[in-house]
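In: here is the input, now give the coordinates:
(chains A and B)
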Amino acid sequence: MNKRERFALAAVFALLAAGVTLVMVQAKAEAPAPAVQEQEPLNCSECHQDFQMEWASGAHSSATNDPIFAQAWADQGQPGACMVCHVTGYDPGTGTWEQDGVACTACHNPVPTNHPEEPMPVQDTTELCGQCHSDARFGWQEWQTSTHYQRGMDCTVCHDPHSASLKNVEGLEAQGPSGLCVNCHRDYNMDFPYSNHAMAGLNCVDCHLRHFGSSGGRTIHTMPDHSFTASLTSCTSCHDREMHGPTDAATGAEITTQAVVPATNGALAEEPAPVSPYGFAGLAGLLGLAGGMVLAPWLERAYRKLSQKEKSS
Amino acid sequence: MSETNLNRRDFLKLAGVSVAAIGGLQIYRRAEASSGGPEGEHQWAMVVDQSRCTGCDYCTLACRAHNDINPEISWNQVIETGAISGKQVYLARPCMHCEHAPCVDVCPVQASTYRPDGIVQMDYDRCIGCRYCEVACPYGARSFNWEAFTGRNPAVPQWGQPEVARRPRGVVEKCSFCSQRIDRGLALGLTPGIDPDATPACVVRCPTGARIFGDLKDPESNVSQLLRGHASFRLREDLGTRPRVYYLPPNGSPEA
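Out: Model prediction:
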């Protein structure tokens, strides 16, 4: 047996070991998943896996279990009033609800019995989101003054309702939230990249979606200003010193949002990810390779004996 | 008098013969169908308002998701055509669903046909992938599947839920006016162009209302009213294809 054959044999062993391990480990890794999924009669995730996953990654799925909410809710003595928006199917009479979080049926209802033959209701309207993202919680008045609203655009022009984050447009991801603006307002982006502001790392959102928050961190139920106008106050949040010296009105928007964001991120990443199935498989593969190399001479001898027996018989 | 008549007729004959020679026998075979013109209960048409289009490509993405299209192919391209007084103008180009469609004429196996409602329909089971139609289409609306599309569709779920089967390798595909949505909608008593569930996905997804869809046979439909009240044009009208996609020019200026 030459070296090449020995290697080939070892490789077969390696593959076999890796494959078996991968299958076994994946079966195990998949098991704990259904934590989120004890769900409704018509199980949406059966057919809409992509949507389910997108949803599970976002704030709507965690609207009840989000630790920031849970804390605030507990601090206030668990008032039922909060549940109108923070769960699905809340019944004020009994104080119970159908599902944690803002689930599929909070936005897609009533559910037809013979879906998909009959379409599931899709309310692609500002009013749908406005059921919960309303008034002081959102800045509804500002939104209604915006040209976007007046030109008939709804929230989902910019937001993905499932991941509860901004849509991303292919090729413009690198520009962050402003990629969206640039995609439609190309004319306004002709000279902007060469401005001192762009070179200092500013983008459209920094001036056109001022955060409402007062000093000391983004308070709960406050949103960036959806009038999309840039006003003098947007400038003073960074340029207060260049005009009349520091003022109280000026608070760094960036600093305050950051106070909230890491907390949420930390909460989402709470469970440590188990070692990847591929890691296990790789290890098994190496062991298989070594085993194959060692066993090769014996195997060859056994094979020869066997074939000799066959010939002689 | 009679002499000039004769000459004209001769000329027409000559022209007819040469067209037949170029197009081959297919045109003769299909002459009946292609001159049939409007016949069904509905005649679907699309209006694209260039003064509203911002070139955002949402239509292309929605199309890609709802029709489960390979990202390398586009049934609906949005093309930058230049600027008019400093403002960019875009041309959104779906299939024109021509009344006299060259692609239907040249197809040797009748994989491209007219539906009674005017939609030029592909039968992917019949298509043999000869690509004549792709060459014949003056609008570049057709694409060939060099490979089968496998794996994730990057436009799903953000831009929509796939509604039709993926096409196999080796066939030509194109925009269908989302006939699956129209058919399901009509069966449920909905009105295409008004009820989103019965309207092409690109029209539903357009954030600025630059696309309008409806029935030309209904004089009160949104497309009929728009075309009555506005100057409009179609692409390459000189070819006599009679497209069912109409354009409202940007700010009333002539064809961009």
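In: check which helix or strand covers residue A:105.
Out: Residue A:105 belongs to helix A:104-107 when assigned by DSSP states H and E.
In: and the helices in the stretch 51-200 of chain B?
Out: Taking DSSP state H, counting those that start in this stretch as the test, the helices found in the stretch 51-200 of chain B are B:58-66, B:102-106, B:132-136, B:179-187.
In: which element follows the last one toward the C-terminus?
Out: Yep, that's helix B:179-187 we're talking about. helix B:201-205.
In: hmm, who's touching that next one?
Out: A:124, B:46, B:58-63, B:65-67, B:76, B:92, B:94, B:159-160, B:178, B:181, B:193, B:196, B:211-213 (Cβ atoms under 8 Å, 6 or more residues apart in numbering or on different chains). Yep, even glycine has a C-beta here, placed from its N, CA and C like the rest.
In: whichever of those residues end up buried, select them in ChimeraX.
Out: A single ChimeraX command selects the buried members of the contacts of helix B:201-205 (16 or more other Cβ atoms under 10 Å in any protein chain shown):
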select /B:46,58,59,60,61,62,63,65,66,67,76,92,94,159,160,178,181,193,196,211,212,213
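In: does chain B sit close to stretch A:165-182?
Out: Yes: against chain B, stretch A:165-182 shows contacts by Cβ under 8 Å from any Cβ of the partner chain at A:167-170.
In: which strand or helix spans residue A:99?
Out: Assigned by DSSP H and E, residue A:99 falls within strand A:96-100.
In: and for residue B:47?
Out: Counting by DSSP H and E, residue B:47 is found in strand B:44-49.
In: which neighbouring elements make contact with that strand?
Out: If you count contacts as 3 or more Cβ pairs under 8 Å, 6 or more residues apart in numbering or on different chains; DSSP states H and E, strand B:44-49 packs onto strand B:211-215, helix B:222-229, strand B:245-248.
In: angle of that strand against helix B:179-187?
Out: 120 degrees (axes from the mean of the first three to the mean of the last three Cα atoms, to 10 degrees).
In: and the contacts of strand B:44-49?
Out: Residues outside strand B:44-49 that contact it (Cβ under 8 Å, 6+ apart) are B:92, B:94, B:97, B:117-119, B:177, B:182, B:192, B:200, B:203, B:209-216, B:223, B:226-227, B:232, B:244-248.
In: circling back: out of the residues of stretch A:165-182 next to chain B, show me where the pLDDT dips lowest.
Out: Within the set of the residues of stretch A:165-182 next to chain B, pLDDT is lowest for residue A:170 (80).
In: about what we covered before: restricting to C-alpha, output the strand holding residue A:99 in CSV.
Out: The C-alpha trace of strand A:96-100 is given here as CSV (Å, rounded to 0.1, in the frame of the first residue of the first chain):
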residue,chain,number,x,y,z
THR,A,96,-54.7,37.3,30.5
TRP,A,97,-53.3,37.2,27.0
GLU,A,98,-52.9,34.8,24.1
GLN,A,99,-49.2,35.2,23.4
ASP,A,100,-46.2,37.0,24.6
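In: excluding chain neighbours, what is closest to residue A:154?
Out: What sits nearest to residue A:154 in space, not counting adjacent residues and going by Cβ to Cβ, 6 or more residues apart in numbering or on different chains, is residue A:126, at 4.7 Å.
In: contacting residues for the one you found?
Out: A:143, A:149, A:154-155.
In: low-confidence ranges in the stretch 201-313 of chain A?
Out: A:211-219, A:245-297, A:299, A:302-303, A:306-307, A:309-313 (pLDDT under 70).
In: single out the residue in it that lies closest to chain B.
Out: residue A:228 (13.8 Å; Cβ to the nearest Cβ).
In: my guess is that residue contacts residue A:208. True?
Out: Yes: shown here, residue A:228 and residue A:208 form a contact pair, counting by Cβ atoms under 8 Å, at 5.0 Å.
In: select, out of the helices of the stretch 51-200 of chain B, the one closest to residue A:76.
Out: Minimum separation from residue A:76 across those (Cβ to Cβ) falls at helix B:58-66, 40.8 Å.
In: tell me how far the closest one is from the chain's mean position?
Out: 15 Å (Cα atoms, centre = their mean, to the nearest Å).
In: which secondary structure elements does that helix contact?
Out: Using 3+ Cβ pairs under 8 Å, 6+ apart: helix B:58-66 touches strand B:77-84, helix B:201-205.
In: lowest-confidence stretch among these?
Out: Least confident of these, judged by mean pLDDT, is strand B:77-84 with a mean of 90.
In: packing partners for that one?
Out: With contacts taken as 3+ Cβ pairs under 8 Å, 6+ apart, strand B:77-84 sits against helix B:58-66, strand B:87-93.
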